[in-house]
Structure formats: C-alpha cells, structure tokens
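**Q** Quick check, what structure comes out for this input:
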Amino acid sequence: MSTVVYIADDGTETTIQGRPGDSIMETAVRNGVKGIVGECGGSLSCATCHVFVEPETFALVGGPSGPLEDDMLDGTAVDREATSRLSCQIKLQEGVEYRVRTPKAQI
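**A** Got it, this is the predicted structure:
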C-alpha cells in the first residue's frame with residue numbers, strides 16, 4: 001500500500017491508504033476527499049485535480065510536469081506554484097507516503 005496525506009486549504013489533513021498504480025486523484029475521489037474534483041476522470045483535460053506537492057514529496061512524483069500537463073496547469077482556478085501538479089498524473093508507488101495540498105478552489 002501507499003499513503004497519501006491530503007492537506008486542505010484550511011490545514012486539515014486527511015490520510016488515505018492507496019493502491020500502487022492508482023493516481024492521487026483516483027484515491028481522493030474514491031474516498032471522498034474534499035478539494036479534488038477530477039471532473040474529466042483522469043484524462044488530462046480539465047485541471048480540476050490540481051494539487052501543490054509538498055517539497056519533501058516533489059522528487060518522488062517525478063518533479064515538474066510534462067508539456068501537456070504544464071499546458072493544463074495554466075488553466076487552474078488557483079494560480080499554480082513551483083510544485084503544482086495534476087494529481088491524475090501522479091501514480092502511487094508501493095510503500096511511499098505522498099503529501100499534497102489542495103487549492104482553495106478547483107472550478
């Protein structure tokens with residue numbers, strides 16, 4: 001299993017056990033985590049699963065986004081940061097703990 005700690009805009013933390021191979025977005029939606037909409041279902045076409053990856057986790061997710069994801073991040077409801085990623089593009093690895101902050105709004 002993997003662990004994802006979702007940190008809401010108000011600082012509230014929700015910790016979920018996820019399956020390796022699933023995305024951070026899929027794990028959030030499946031478990032009702034507030035702050036991640038995932039409107040397109042993970043097809044990289046809506047930017048409603050925007051997260052800020054915590055610095056200690058950023059290297060674990062492969063660093064910055066690729067070109068298509070980078071373009072989608074330009075359309076987020078809340079301005080992107082240096083560690084912004086779309087959570088549908090981050091696949092969980094066995095035994096890893098991920099920490100992400102959700103923005104104040106997704107839409």
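
**Q** what's the most centrally placed residue in the chain in contact with, if anything?
**A** For the chain, the residue nearest the mean C-alpha position is residue 87 (2.8 Å; Cα atoms, centre = their mean). Neighbouring residues of residue 87 by Cβ atoms under 8 Å, 6 or more residues apart in numbering: 23-25, 28, 36, 38, 49-51, 100. Every C-beta, even on glycine, is put in place using the N, C-alpha and C of the backbone.

**Q** now do residue 5
**A** 13-15, 97-100.

**Q** before we move on, what about residue 100?
**A** So residue 100 contacts 4-7, 24, 51-54, 57, 85, 87 (Cβ under 8 Å, 6+ apart).

**Q** Can you redo the residues you listed as TSV, where the extra columns are secondary structure?
**A** Listed next are the contacts of residue 100 as TSV, based on DSSP: H, G, I helix; E, B strand; the rest coil:
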residue	secondary structure
4	strand
5	strand
6	strand
7	strand
24	helix
51	strand
52	strand
53	strand
54	coil
57	helix
85	strand
87	helix
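
**Q** Out of the residues you listed, which one has the weakest pLDDT?
**A** Note: of these, the lowest pLDDT belongs to residue 57, at 91.

**Q** isn't that one right next to residue 92, touching?
**A** No. Judged on Cβ atoms under 8 Å, residue 57 makes no contact with residue 92 at a distance of 11.5 Å.

**Q** Mind checking which of these two has more residues around it?
**A** Counted by other Cβ atoms under 10 Å, residue 57 and residue 92 do not tie: residue 92 has more neighbours, with 23 against 19.

**Q** Please enumerate the shared neighbours of residue 57 and residue 92.
**A** Common contact partners of residue 57 and residue 92 (Cβ under 8 Å, 6+ apart): residue 98.
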